[in-house]
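Output the structure for:
(chains A and B)
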Amino acid sequence: MELILDIFTGICFFIGSLSIIIGACGLIKLPDVFSRIHAAGMIDTGGTAFFILGMVFQTGWTLITVKLILIGVFIFFTSPVTSHVTANLAREKHIIPVGKKIGKIL
Amino acid sequence: MKTLILFLILLSLWLLMSGHYSILIISLGIISCAFCVYVTKRGKLIDDEGLPIFFMPRILNYLIWLFKEILKSNLSTAKVIIKGNVEPETFTVKASQVTDVARVTYANSITLTPGTVTTKMQKDVFEVHALNSDFGNDVRTNEMDKKVTWLEGKK
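So this is what the prediction gives:
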């Protein structure tokens, strides 16, 4: 039983690390600030979700699990707000996104 | 009614976070929760915006759907980053929700799925930046908009 849980934790950590590495590559590779926010969003969601899931497999049914899930919930509520603030500030400073615009933009 | 719900939420959070169940600690928790509720009540912050309980019956269903979407778009964002076929596009969508909380939930859901970011909001028109035309089409089909309107439950 212990071994199975350890294997699940390993798989979760592997997927989480992979998505963080790909997100970090995207952060360097993508063309402008708006596209880079997408890569950061990948780290925020995929990375943290899989790391927390992996840790939950280790703690089992204890109060620590509840705390871990609460950490995940708070990250999921706050990370889009920071992304939106970054994007909105860039738009307020009149940075025009690269690529095509469909219709009239605000 | 809402005051009581807020008090119960705060108290359950206290009990879960502390993990000590002696009389002294629980009574301290009750006192501090009551004080917090008093301050919130005095500031007139307990309304639909501060405590959106009309989400509660359908929130679990929505969150499961949202997690599925996040996983799917994580996968496609990773593919786009590796392959490098980036064609960013900017467009506007119209939100059909009635309350401000539901609109913020919709904007946050768009931002939370990787590949799409809400860059500006004006009343019920959102400006969305997408990494690729596939992500753009996902938002333009209004599936998420319908889901959030359903979650709001006012129509």
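
Could you list the low-pLDDT ranges of chain B?
Scanning chain B for pLDDT under 70 picks out B:155.

90 - rerun?
Chain B contains residues with pLDDT under 90 at B:1-3, B:16-21, B:43-59, B:80-81, B:83-102, B:104-105, B:113-115, B:119-127, B:131-155.

likewise chain A?
By pLDDT under 90, the weakly predicted segments of chain A are A:1-2, A:26-27, A:29-46, A:60-63, A:73, A:76-77, A:91-106.

does the spatially most central residue of chain B belong to a helix or a strand, and which?
In chain B, the centroid-proximal residue (CA atoms, centre = their mean) is residue B:105; its distance is 4.2 Å. For residue B:105, the element it lies in under DSSP states H and E is helix B:100-112.

For that helix, list every residue counted as buried.
For helix B:100-112, a neighbour-count test (16 or more other CB atoms under 10 Å in any protein chain shown) marks B:101, B:102, B:103, B:104, B:105, B:106, B:107, B:108, B:109, B:110, B:111, B:112 as buried. Yep, even glycine has a C-beta here, placed from its N, CA and C like the rest.

which helix is the longest one in chain B?
Longest helix in chain B, counting residues (DSSP state H): helix B:59-83.

buried sites along that helix?
The neighbour-count check on helix B:59-83 (16+ other CB under 10 Å) flags B:62, B:66, B:69, B:70, B:73, B:74, B:76, B:77, B:78, B:80, B:81 as buried.

Turn these into JSON lines, including distance to residue B:153.
Converted to JSON lines, the buried residues of helix B:59-83 look like this (distance: CB to CB, whole Å):
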{"residue": "B:62", "distance to residue B:153": "11"}
{"residue": "B:66", "distance to residue B:153": "16"}
{"residue": "B:69", "distance to residue B:153": "20"}
{"residue": "B:70", "distance to residue B:153": "23"}
{"residue": "B:73", "distance to residue B:153": "26"}
{"residue": "B:74", "distance to residue B:153": "29"}
{"residue": "B:76", "distance to residue B:153": "30"}
{"residue": "B:77", "distance to residue B:153": "31"}
{"residue": "B:78", "distance to residue B:153": "35"}
{"residue": "B:80", "distance to residue B:153": "35"}
{"residue": "B:81", "distance to residue B:153": "37"}
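
filter the buried residues of helix B:100-112 down to the ones near chain A?
Contacts with chain A within these, as defined by CB under 8 Å from any CB of the partner chain: B:107, B:108, B:109, B:111, B:112.
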